[in-house]
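Trainee: Have a look; sequence and predicted model below, questions after that.
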Amino acid sequence: MWWVFWALLLTLLGVDLLAHRGSRGQSRGAALAWTGIWVAVGLAFGGFVWATRGGEAASTYLAAWLIEKSLSLDNLFVFLVIFRGLGVPPALQHPVLFLGIFGALVLRAGFIFAGAAALERWSWVSYVFGAILLVTAWRVLREDPAKQGDSRAVQWLSRRLPVTRELEGSRFVVKREGRWLATPLFLAVVGLEVTDILFAVDSVPAAFSVTHDTFLLYSSNAFAILGLRALYLVIAEAVGSLEYLHYGLAGVLGFAGLKMLLASWVEISPLLSVALIVVLLGAAVGASLRHARRHRPTRREAEA
């Protein structure tokens, strides 16, 4: 199964890289279509898991995939802040996002295999993961990530690296007067990787609340991450309409934290986990859309 997974993953990375060269795939319609494709691919791999390992493994994969997909929205809001802060235009965002996604796939592998080894050796680690998730849930509940200011990681890097003030086309480094300088694109890539490390501390323990099976954990994370480029373009357009989404994300994190802390006494099936996550996110998105419709300016106000 690992061989099938790696072959499929590398093929899909190649498809994503080739299909979005230059400015192709930048429209909202294309982003929505590709988001649907990546969701379908993730669910189809769940069908492969069901065919090879049975229904329980497939439902576990689905729950872990849905948790990672929902929590990746947090990353996307920070990606938006980074691109806006550095002035990276949409035409140059795809290579940065691709490198960010590739780096995230490598980093998540390290987090997942290290976390699985730690949980196998020290059972108390699950309580640490649960506590981290509850603290993060409280942070997300109090602060909407879509309304954050400039990225602290990018600010820290820009003060410590020799950086050009302006973009230099699609180049990540340039040489000026015998000195190599990083461009804003380089800062964007590093900022995305640092952001993913910080958010992996939340999302990987959340996936561990569903299963400790490394194949299900990593494959679900990988297929959730693959669609981030297209999903980012959708979120960038709709960010103003998702006023209450962070409440749903906080609910998902809180549920995962409680699940890990109470695992010795309360068993929650993967399918029930899926249902609760769908309800939490659905309620947050529904409330956000109703709020947006209520506060949408009338034609007379827009003309004024």
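Mentor: Arrived safely, thanks for sending. Numbering: from 1, shown residues only.

Trainee: Confirm residue 174 sits in a strand?
Mentor: Yes. Under DSSP: H, G, I helix; E, B strand; the rest coil, residue 174 sits within a strand.

Trainee: Looks like it contacts residue 164 (just checking).
Mentor: Yes. Between residue 174 and residue 164 there is a contact under Cβ atoms under 8 Å: 6.3 Å. Backbone N, C-alpha and C define where each C-beta goes, glycine included.

Trainee: between those two, what contacts are shared?
Mentor: 181, 183 (Cβ atoms under 8 Å, 6 or more residues apart in numbering).

Trainee: So if I had to pick from the two, which one is more boxed in?
Mentor: residue 164 (17 against 14; other Cβ atoms under 10 Å).

Trainee: Next, the buried residues of the helix ranked longest in the chain.
Mentor: Secondary structure assigned by DSSP state H gives helix 55-86 as the longest helix of the chain. With burial defined by 16 or more other Cβ atoms under 10 Å, the residues of helix 55-86 counted as buried are 57-83, 85-86.

Trainee: what about residue 171, distance to residue 186?
Mentor: Per Cβ to Cβ, to the nearest Å, residue 171 is found 9 Å from residue 186.

Trainee: Of those two, which one has the most company?
Mentor: Counting neighbours by other Cβ under 10 Å for residue 171 and for residue 186 shows that residue 186 has the greater number, 21 against 13.

Trainee: in which helix or strand would I find the more buried one?
Mentor: Here residue 186, judged by DSSP states H and E, is contained in helix 184-208.

Trainee: That helix - contacts with which helices or strands?
Mentor: helix 55-86, helix 93-121, helix 125-142, helix 152-160, helix 214-226, helix 245-261 (3 or more Cβ pairs under 8 Å, 6 or more residues apart in numbering; DSSP states H and E).

Trainee: Please name the residues that touch the residue nearest the centre of the chain.
Mentor: For the chain, residue 72 is the residue whose C-alpha lies nearest the centre (Cα atoms, centre = their mean; 2.2 Å). By Cβ under 8 Å, 6+ apart, the residues touching residue 72 are 203, 224, 225, 228, 231.

Trainee: and which of the residues you listed is nearest residue 285?
Mentor: residue 231 (13.6 Å; Cβ to Cβ).

Trainee: before we move on, what SS does that closest one have?
Mentor: Strictly by three-state DSSP, residue 231 counts as helix.

Trainee: For burial, what's the neighbour tally of it?
Mentor: Neighbour tally, residue 231, other Cβ under 10 Å: 23.

Trainee: Residue 245 touches residue 286, doesn't it?
Mentor: No. When contacts are counted by Cβ under 8 Å, residue 245 is not listed as touching residue 286 (10.6 Å).

Trainee: Before I go, just wanted to say thanks for your time.
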